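Enquirer: Prediction below, plus the sequence it came from.
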Amino acid sequence: MNFNIGVIRGDGIGPEIVTEAIKVLDGVGAKFGHTFNYTEILMGGCSIDACGEPLTEEAIQAALASDAVLMGSIGGNTSTSPWYKLPADKRPEAGLLKLRKSLNLFANLRPAYLYEELKEACPLRDDIIGDGFDMMIMRELTGGLYFGTRSTVEEDGQLVARDSLTYSESEIRRIAKRGFDIALKRRKKVTSVDKANVLDSSRLWRKIVEEVAKDYPEVEYEHMLVDNCAMQLVKDPRQFDVILTENMFGDILSDEASMVTGSIGMLSSASLNDTKFGLYEPSGGSAPDIAGKGIANPIATILSAAMMLRYSFDLDAEADAIENAVKKVLKDGYRTIDIMPRDGSSVKQVGTSEMGDLIVERL
Ligand code: NAD
């Protein structure tokens, strides 16, 4: 089959890690008989330098014309880069927010998976980790507290700040459906997280999730209060498969879940809309401190490409091949510098490009 992929290399380590993900995609294409066509799209600091703005209309159109977009990362050193002397709406990150909005990317997926070989990086005790955990945080990305009306006004001689948290039935329904669809591709369990003992928006969330769950009888589901979920993530992370939650709770819980896995260089993510389209990117940033040194870990971007195959193209076997190749490369003892164990004598340190090659060899 033929697929058109928009490619945003971005800034810092972005171009280096995307090159490796493309290498792996081409390897999968050769093995399974698919052709991936790539369209380069400028976004972030590099677009400011070339076009005077972080995301042009032309770039948005190119993204819209693609089947999916693979992204590295954008931005520079926020203290020293001239990009951060510009007004907020002209900075690199403004490009990403604009792209998410233009493409209506309302569902954010962040897997938190603990590799057997990287257990040392996990801050939890061995008896809690057991044989590892594998969960997916599904966060609503375009509603709730971060998009509600806000104000700071003086009342009775003091400043009063207000933020509003709004969710409509349709916003909840579309993310819930996505969550249950994703669960069908996994271990078929959804934990819907809310604060229904206090918030009206959470009570509506719970009601709609229950309605949606009726259409997925094969998926087991439960409700959990957000404060309990924050505790359970460190107490017993193995209980979770898909965690489905609203914007702010998801923001916090996804960082918590990813940190219990260890390295930022291993964490992929996807942002989806209500079509098959998605934007796939590593969870980390552009790491200006190591850019150009050839040492960045490309695995998060490579795993993001695997998510693209699974969720935008329905190529599950191909996605499995990439994920298994990553597991194999770790098992065979290869590490980039960020995932080197304290005692590195039993493993071999490799650079960005070599890690890409080693994964391709194991597809
Ligand atoms: P960062 O994630 O770029 O870096 C934090 C630390 O993690 C650094 O020490 C870095 O070297 C390391 N790191 C990150 N990715 C790595 C990888 N693949 N391999 C090895 N080490 C890796 O976060 P930051 O320093 O706070 O931000 C740098 C820039 O990235 C900023 O401009 C920020 O706005 C931007 N940013 C962009 C995105 C995005 O593109 N979606 C996300 C987060 C931050």
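Expert: Yep, that arrived.

Enquirer: ok, now which ones touch the residue in the stretch 201-350 of the chain that the ligand sits nearest to?
Expert: As assessed by CB to the nearest ligand atom, the ligand sits closest to residue 285 within the stretch 201-350 of the chain, at 2.5 Å. C-betas here are computed from N, CA, C, even on glycine. For residue 285, the contacting residues are 12, 73, 75, by CB atoms under 8 Å, 6 or more residues apart in numbering.

Enquirer: Based on its surroundings, how many neighbours for the last one?
Expert: The reference is to residue 75. 24 (other CB atoms under 10 Å).

Enquirer: I am assuming it contacts residue 43, so please confirm or correct that.
Expert: No. Here residue 75 lies out of contact with residue 43, judged by CB atoms under 8 Å, at a distance of 10.4 Å.

Enquirer: List the residues that contact residue 141.
Expert: 100, 105-108, 247, 250, 271.

Enquirer: give me that answer again for 6 Å
Expert: Applying CB atoms under 6 Å, 6 or more residues apart in numbering to residue 141 gives the contacts 106, 108.

Enquirer: The closest residue to residue 289 other than its chain neighbours and the ligand: what is the separation?
Expert: In this structure, residue 289 finds its nearest non-sequential neighbour in residue 77, 7.8 Å apart by CB to CB, 6 or more residues apart in numbering. Look at residue 77 and the ligand: by CB to the nearest ligand atom, to the nearest Å, they are 7 Å apart.

Enquirer: cool, residue 9 as well?
Expert: 11 Å.

Enquirer: Domain-wise, how is the chain divided?
Expert: 1-114+262-363, 123-245+255-260 (automatic domain parsing).

Enquirer: okay if I get the contacts of residue 285 as JSON lines plus pLDDT, distance to residue 352 and secondary structure?
Expert: Below are the contacts of residue 285 laid out as JSON lines (pLDDT from 0 to 100; distance: CB to CB, whole Å; DSSP: H, G, I helix; E, B strand; the rest coil):
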{"residue": "12", "pLDDT": "98", "distance to residue 352": "12", "secondary structure": "coil"}
{"residue": "73", "pLDDT": "96", "distance to residue 352": "13", "secondary structure": "strand"}
{"residue": "75", "pLDDT": "96", "distance to residue 352": "19", "secondary structure": "coil"}
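
Enquirer: which one of those residues is nearest residue 258?
Expert: Ranked by distance to residue 258 (CB to CB), those are led by residue 73 at 15.1 Å.

Enquirer: Enumerate every residue touching the closest one.
Expert: Here residue 73 is in contact with 10, 14, 285-286 (CB under 6 Å, 6+ apart).

Enquirer: Right, I'll leave it there.
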